[in-house]
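[1] the sequence and its predicted three-dimensional model are supplied below.
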Amino acid sequence: MPPIATTNTELKPWVAPVETSYQLDYADLVTIDLSKFGHNRHQLADDLHNAIKKNGGFFGVINSGIEQTEIFQLGQSFFNDYSLESKSKVPVNFETGNYFGYKSKGNKYLFGTDVKENSEIFNIAKFNGLNDEFHDLDFVHNNYDQLSKVSHECFDIVRKLLILFAIILELDDELYFVNRHKYEDPSDDQLRYMKYHPRTPEDDSKVDNIWARAHTDFGTLTLLFNQLVVGLQIKLGDQWKYVRPVKDGIVCNVGDTLNFWSGGYFESTIHRVVRPPPDQVNKPRIGAFYFLRPGDKALIEVAHSPLLKRLGLYRETKEPIIGTDYVRKRVVDYHNRPTYEKQSNVKFKVGEFEITDGFD
Ligand SMILES: O=C(O)CCC(=O)C(=O)O
Ligand SMILES: [Fe+2]
């Protein structure tokens, strides 16, 4: 079905949640200034290199040029203005592993308890003419132009980051990763809206206050827009550290496939979401993300990087794996289950590439 032109519904103002007054144990995230990209990308690549080595693949990005108020206005509208029936028109089908569409909350029990998982998710495929059936929801029809704009703007940001990652690896071709992630190609990239529905303290305590199980991200890069309701934690060594919101900025992290391309040098770090502090726990925690994922034309092998060779991290890949295959197998393995069990240090492997995950 062809896209129906946007009707430009009036979006209600977004009132950002007030920051917590609790003192929490935060990771010392390093932030890079993307406005340097145009005139000094080699310096910026050095900045990024320092940033990712400090916090296992998590870093902040400022001056990306993207307008975040509109992103959250759209998310707020999705969760507040549309009925369950309207949102459910394109349901996520975990059997396919593409993860496009809507997932309502509370479909699965957690950790062998009587407590259900609490996230509501809508994953929006790229606006490249290949995914019209996954855009067939009133919310998308009503906001088609804005959502398409946001999706393209997110892509422009990750495109710059992909160039910086190629520079860090000293690859001959700065566009090595860009050529393996093209907006016009088929891939399971998603612009995601996510809302966590608070549970009672009693229920939360039965599941160790976990709102999102510990995991690594499945694709290449993740952008996480200004999340003021804290709860995201990353695992650094054996310590969990909170991620501080980057004011007017983006938290970004490396996922599994960039980890593979870099022979593990860029880390796909385990993270989770826990119950927010008491002064924020009942605020709507609406998340907005862009998940960059390699497509079915992207072969994943350890890149021929002089840096990786010097570090002893380069190895020849006998059988490269296909980007979309990896991501879909990972989604199926992770989500296509009747319940979410408690597991630690689980290995997931496709071909020669293995990741250690853990649900804690
Ligand atoms: O909600 C968050 O802050 C993070 C969620 C997350 O890690 C994910 O959806 O992959
Ligand atoms: Fe994640």
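    Nice, I can see it. Ligands and ions are numbered 1, 2, ... in the order given.
[2] what about the nearest residue to Asn253 once chain neighbours are set aside, how many neighbours?
    In space, and not counting its chain neighbours, Asn253 is closest to Phe58: 4.6 Å by C-beta to C-beta, 6 or more residues apart in numbering. Backbone N, C-alpha and C define where each C-beta goes, glycine included. For Phe58, the neighbour count with other C-beta atoms under 10 Å is 25.
[3] residue contacts, Phe58?
    Applying C-beta atoms under 8 Å, 6 or more residues apart in numbering, we find Phe58 in contact with 27, 29, 52, 234, 243, 251-254, 269, 271.
[4] from ligand 1, how far off is it?
    11 Å (C-beta to the nearest ligand atom, to the nearest Å).
[5] ok, that residue to Gly106 distance?
    From Phe58 across to Gly106, the span is 29 Å (C-beta to C-beta, to the nearest Å).
[6] which stretches of the stretch 1-150 of the chain have low pLDDT?
    1-9 (pLDDT under 70).
[7] now do the helices in it.
    41-54, 68-81, 84-87, 138-142, 144-168 (DSSP state H, counting those that start in this stretch).
[8] any chance of those in CSV, plus distance to ligand 1?
    As requested, the helices of the stretch 1-150 of the chain are exported to CSV (distance: least, C-beta to the nearest ligand atom, whole Å):
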stretch, distance to ligand 1
helix 41-54, 17
helix 68-81, 12
helix 84-87, 18
helix 138-142, 19
helix 144-168, 15
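[9] mind putting these in a markdown table, mean neighbour count included?
    Converted to a markdown table, the helices of the stretch 1-150 of the chain look like this (neighbours: other C-beta atoms under 10 Å):
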| stretch | mean neighbour count |
| --- | --- |
| helix 41-54 | 18 |
| helix 68-81 | 19 |
| helix 84-87 | 13 |
| helix 138-142 | 20 |
| helix 144-168 | 20 |
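[10] need the phi and psi values for the closest residue to ligand 1 within the stretch 201-350 of the chain.
    Residue of the stretch 201-350 of the chain nearest ligand 1, by C-beta to the nearest ligand atom: Leu232 (3.8 Å). With angles defined as degrees, to the nearest 10, Leu232 sits at phi -70, psi 130.
[11] list the contacts of the residue lying closest to it once chain neighbours are set aside.
    Excluding the flanking residues, the one nearest Leu232 by C-beta to C-beta, 6+ apart is Val243, at 4.4 Å. Residues in contact with Val243 (C-beta under 8 Å, 6+ apart) are 26-27, 29, 58, 230, 232-234, 251, 271.
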